[in-house]
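Engineer: I need the structure of the sequence given here:
(2 chains)
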Amino acid sequence: MSLEKEVKKGVAACVKALYGADVAEESVQVSATKKEFEGNLTVVVFPYLRASHKGPEDTGREIGAWLQENVPAVEKYNVIKGFLNLTIAQTQWVDLLLSISDDEKYGFKEAGPDSKLVMVEYSSPNTNKPLHLGHVRNNLLGYSLSEILKANGHKVVKTNIVNDRGIHICKSMLAWKKWGEGATPESTGKKGDHLIGDFYVSFDKHYREELKALQAQGMSEDEAKEASPLMKEAREMLRKWEQNDAEVRELWRTMNGWVYAGFDETYKRMGVNFDKIYYESDTYLEGKELVLSGLEKGIMYRKEDGSVWADLTDAGLDHKLLLRADGTSVYMTQDIGTAKLRFRDYPIDKMIYVVGNEQNYHFQVLSLLLDRLGFKWGKDLTHFSYGMVNLPEGKMKSREGTVVDADDLMDTMINDAAEASAERFADMEKEEAAEVARMVGLGALKYFLLKVDPRRDMLFNPKESIDFNGNTGPFLQYTYARIQSVMRKAGAYDKSSAKSAIPDEKETALIQKISDFPNVLAEAGRSYSPALIANYAYDLAKTYNQFYYDHPIMKEENGAQKGFRLELSRVVGRTLKNAVALLGMEMPERM
RNA sequence: GCCUCUGUAGUUCAACGGAUAGAAUAGAAGUUUCCUAAACUUUAGAUAGGAGUUCGAUUCUCCUCGGAGGUACCA
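Structural biologist: Here you go, the predicted structure:
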């Protein structure tokens, strides 16, 4: 049992014994003592004043005395204002470390028969352009969240809905037909997703020129948009696609194939993956059907022009369009269809959508509609809503060429890491140096994006954001690599000799930090927050570096002390590695 | 207009309603005959403004001001 739990239990028992009041163990407020006060754990006593009918100081002293008497681990106590600081007996710390040290997955829970099945949707790309920085945040959050949920004993299915059909891909297809001159990824040497993205941009460029020309002839903007031959052609292409036109479908398959090959490369490099991929082209018809069945059940209604709507005003929302007058589906329709297929494929207990916060309203509506259509998890589906990544100039805009491309970004990170470490890698084999640069570059990027509270907008400054010093991914990796270096040099050692070691303050602080990991992991799972893991890992590394600076390890002459410090270092390294793995980060053995 | 989110050192980020609001970076000053200095130490610097609830408010409620997003046929 962890010390914290022991104290909570003790306080609950104490309040019962002294004041006859019932207190839930979980409600007891226990935290690490601030460093300016004496003690290891602090109990907030304010909540018990009502039961004790005494002041905070007296109550604190009474509880402290009781704990000292009845909880073996509690050696001393002091009370400052309403805070009861407990000092844990020194002998407890080494025992605690040794009790943790055999559990290689300390803090992780295995999935069992009673585990909930959680489906996490993330990434959700459109197939008309390559992934950008916003997707990177999405992918890393989705992956990390999935890993954290798994570590908390849930069964997790990672899923991706690919928006592979619609006017956007038709625009790229049309541009390719008109101006592509048969270009392929092979002929151009370009990644498929980038090639398609170029044609999307090209379409937009020609389209805007067209609009300008039409407006010069005296049309209004709206009239010009209506009259644009290019847009007409694109719409015609979409119509043909829906009618299963062989030629259009063939081109569509080919071009999407290029995009998928490109995406796969990017995903692989980013280190994310999926258990099941759905395609909008397979799900949108299902959505239509469901909407029509909802129409029969009276959940939807049809307007005079033939369009189908849901009236959500009774839930404080609006009327929502689900099928256009011409019978084509919208985004919402597709999401309903996807939900149906997923429900058919998996016994889902909980559905989490990792999607940007600009879609908050969409998911509010989706939840309501799924619930009305009879999906048991519809009502409490979770929209894991994260904030946007902004650039110093403001929002990323693809039309203005201010998007930060995911592939370019990863290249830059890895190159910077290689440059920054050229000297220190001088004695490494080329391959290892490249591998370490990859880990460090991506580690810096992942940590940077994940350490921030997901729901907040964040700022990415290409020039300044990526640093390898301070509160960064490489800081954690460096700490780990340094520990591994010590372990390599130390070779085999007798762990049991640690038993008679006497830890000092910095060492007990480290053990306490390590023992806190299960709580942090559980809380990260409850609150869906990779940032908690990132902040914890930073804290642990920081604490270790402070210890490392003035505590000799291998050079320690006292055998017990040396064995203890080696074991402590090993467990810190392991904990760091396990923690950042939840963020998709890898740890180099040397750097 | 209406709805949602958001406002913390110069900057980028922390802080289950708990003690003197923490880090990093930029600034100033230091630490290496010693296990990796991508490290460590010292220093200066912030809760947008105003009411309220509370023993206690960055956190909860209300108002004002600022920023972002959404708002029925884009995803």
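Engineer: going forward, measure contacts and count neighbours with C-alpha atoms only.
Structural biologist: Fine.
Engineer: for the spatially most central residue of chain A, what are its contacts?
Structural biologist: Nearest to the geometric centre of chain A sits A:L141, at 2.1 Å (C-alpha atoms, centre = their mean). Going by C-alpha atoms under 8 Å, 6 or more residues apart in numbering, A:L141 touches A:V354, A:L450, A:P454, A:P530.
Engineer: Including pLDDT and secondary structure, could those go into CSV?
Structural biologist: Formatted as CSV, the contacts of A:L141 follow (pLDDT from 0 to 100; DSSP: H, G, I helix; E, B strand; the rest coil):
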residue, pLDDT, secondary structure
A:V354, 96, strand
A:L450, 96, helix
A:P454, 93, coil
A:P530, 96, helix
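Engineer: so which of those residues are also by RNA strand B?
Structural biologist: A:P454 (C-alpha under 7 Å from any atom of the strand).
Engineer: Let's see if you can find the most crowded of the contacts of A:L141.
Structural biologist: Tallying neighbours with other C-alpha atoms under 10 Å puts A:P530 at the head of the contacts of A:L141, with 33 neighbours.
Engineer: Quick check: A:K150 touching A:G107?
Structural biologist: No - under the criterion of C-alpha atoms under 8 Å, A:K150 is not in contact with A:G107, lying 11.8 Å apart.
Engineer: roughly how far apart are the residue nearest to the centre of chain A and A:L476?
Structural biologist: When C-alpha to C-alpha, to the nearest Å is the yardstick, A:L141 and A:L476 sit 19 Å from each other.
Engineer: Then A:S99?
Structural biologist: With distances defined as C-alpha to C-alpha, the gap from A:S99 to A:L476 amounts to 25 Å.
Engineer: Would you mind telling me which of these two has more residues around it?
Structural biologist: A:L476 (30 against 11).
Engineer: so is the more buried one in a helix, a strand, or just coil?
Structural biologist: The local conformation at A:L476, judged by DSSP: H, G, I helix; E, B strand; the rest coil, is helix.
Engineer: Point me to the helix or strand that includes the closest residue to it other than its chain neighbours.
Structural biologist: Nearest-residue entry for A:L476: A:A541, 6.1 Å, with adjacent residues in sequence omitted and distances by C-alpha to C-alpha, 6 or more residues apart in numbering. Assignment of secondary structure by DSSP states H and E places A:A541 within helix A:530-550.
Engineer: mind checking how far that helix is from the chain centre?
Structural biologist: Computed by C-alpha atoms, centre = their mean, to the nearest Å, the chain-centroid distance of helix A:530-550 equals 20 Å.
Engineer: so what's A:P125 up against?
Structural biologist: Contacts were defined as C-alpha under 8 Å, 6+ apart; by that measure A:P125 touches A:L131, A:H135, A:I161, A:V162, A:N163.
Engineer: out of the residues you listed, who's near RNA strand B?
Structural biologist: Of the residues in the contacts of A:P125, proximity to RNA strand B by C-alpha under 7 Å from any atom of the strand holds for A:N163.
Engineer: Looking at the contacts of A:P125, which are in helices?
Structural biologist: A:H135 (DSSP state H).
Engineer: out of the contacts of A:P125, who has the most neighbours?
Structural biologist: The most neighbours of any of those, using other C-alpha under 10 Å, belong to A:L131, which has 24 neighbours.
Engineer: isn't that one right next to A:D405, touching?
Structural biologist: Yes - counting by C-alpha under 8 Å, A:D405 is a contact partner of A:L131 at 6.3 Å.
Engineer: Looking at strand pairing, list the partners for the residue in the stretch 151-300 of chain A that RNA strand B sits nearest to.
Structural biologist: Of all residues in the stretch 151-300 of chain A, A:N163 sits closest to RNA strand B, with a separation of 5.3 Å (C-alpha to the nearest atom of the strand). Using DSSP bridges, the bridge partners assigned to A:N163 are A:N126.
Engineer: ok, it - contacts?
Structural biologist: Contacts were defined as C-alpha under 8 Å, 6+ apart; by that measure A:N163 touches A:S124, A:P125, A:N126, A:T127, A:Y279, A:E280, A:S281.
Engineer: Make CSV from those residues and add pLDDT and distance to RNA strand B to it.
Structural biologist: Shown next, in CSV, are these (pLDDT from 0 to 100; distance: C-alpha to the nearest atom of the strand, whole Å):
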residue, pLDDT, distance to RNA strand B
A:S124, 94, 8
A:P125, 95, 7
A:N126, 93, 6
A:T127, 95, 9
A:Y279, 95, 10
A:E280, 94, 8
A:S281, 94, 11
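Engineer: I'd like to know which of those are buried.
Structural biologist: Burial by neighbour count, 16 or more other C-alpha atoms under 10 Å: within those this picks out A:S124, A:P125, A:N126, A:T127, A:Y279, A:E280.
Engineer: For the first one, give me its contacts.
Structural biologist: Spelled out, it's A:S124. Counted by C-alpha under 8 Å, 6+ apart, A:S124 has contacts A:N160, A:I161, A:V162, A:N163.
Engineer: which one of those sits closest to A:R50?
Structural biologist: Checking these against A:R50 by C-alpha to C-alpha gives A:N160 as the nearest, at 52.5 Å.
Engineer: Tell me which stretches of the stretch 51-200 of chain A form helices.
Structural biologist: For the stretch 51-200 of chain A, the helices identified by DSSP state H, counting those that start in this stretch occupy A:56-70, A:90-101, A:133-151, A:167-179, A:185-188, A:192-216, in order along the chain.
Engineer: Number of residues surrounding the residue nearest to A:L476?
Structural biologist: Neighbours of A:A541 under the rule other C-alpha under 10 Å: 24.
Engineer: And for the one 3 residues further on?
Structural biologist: The local packing count at A:Y544 equals 23, with neighbours defined by other C-alpha under 10 Å.
Engineer: cool, A:N545 as well?
Structural biologist: For A:N545, the number of neighbouring residues by other C-alpha under 10 Å comes to 16.
Engineer: Correct me if wrong: A:T87 contacts A:P72.
Structural biologist: No - taking contact to mean C-alpha under 8 Å, the distance of 11.3 Å between A:T87 and A:P72 leaves them out of contact.
Engineer: These two - which one has more neighbours?
Structural biologist: Counted by other C-alpha under 10 Å, A:T87 and A:P72 do not tie: A:T87 has more neighbours, with 19 against 12.
Engineer: show me the residues around that one that make contact.
Structural biologist: A:E38, A:G39, A:N40, A:L41, A:V74, A:E75, A:K76, A:Y77.
Engineer: For it, give me the pLDDT.
Structural biologist: Note on A:T87: pLDDT of 95.
Engineer: and it, bridged to which residues?
Structural biologist: Listed by DSSP bridges, the beta-bridge partners for A:T87 are A:K76.
Engineer: So it versus RNA strand B, what's the distance?
Structural biologist: Separation of A:T87 from RNA strand B (C-alpha to the nearest atom of the strand, to the nearest Å): 11 Å.
Engineer: Kindly report the same for A:G584.
Structural biologist: As defined by C-alpha to the nearest atom of the strand, A:G584 lies at a distance of 18 Å from RNA strand B.
Engineer: Now that residue. Nearest residue, chain neighbours left out?
Structural biologist: Closest residue in space to A:G584, ignoring its immediate chain neighbours: A:S144 at 6.4 Å, by C-alpha to C-alpha, 6+ apart.
Engineer: That neighbour contacts A:A579, doesn't it?
Structural biologist: No - here A:S144 does not reach A:A579: they are 10.6 Å apart, not a contact under C-alpha under 8 Å.
Engineer: still on that earlier bit, Throw the contacts of A:S124 into a markdown table and include pLDDT and distance to A:I511, thanks.
Structural biologist: Supplementary listing: the contacts of A:S124 in a markdown table, determined by pLDDT from 0 to 100; distance: C-alpha to C-alpha, whole Å:
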| residue | pLDDT | distance to A:I511 |
| --- | --- | --- |
| A:N160 | 96 | 40 |
| A:I161 | 95 | 43 |
| A:V162 | 95 | 45 |
| A:N163 | 94 | 48 |
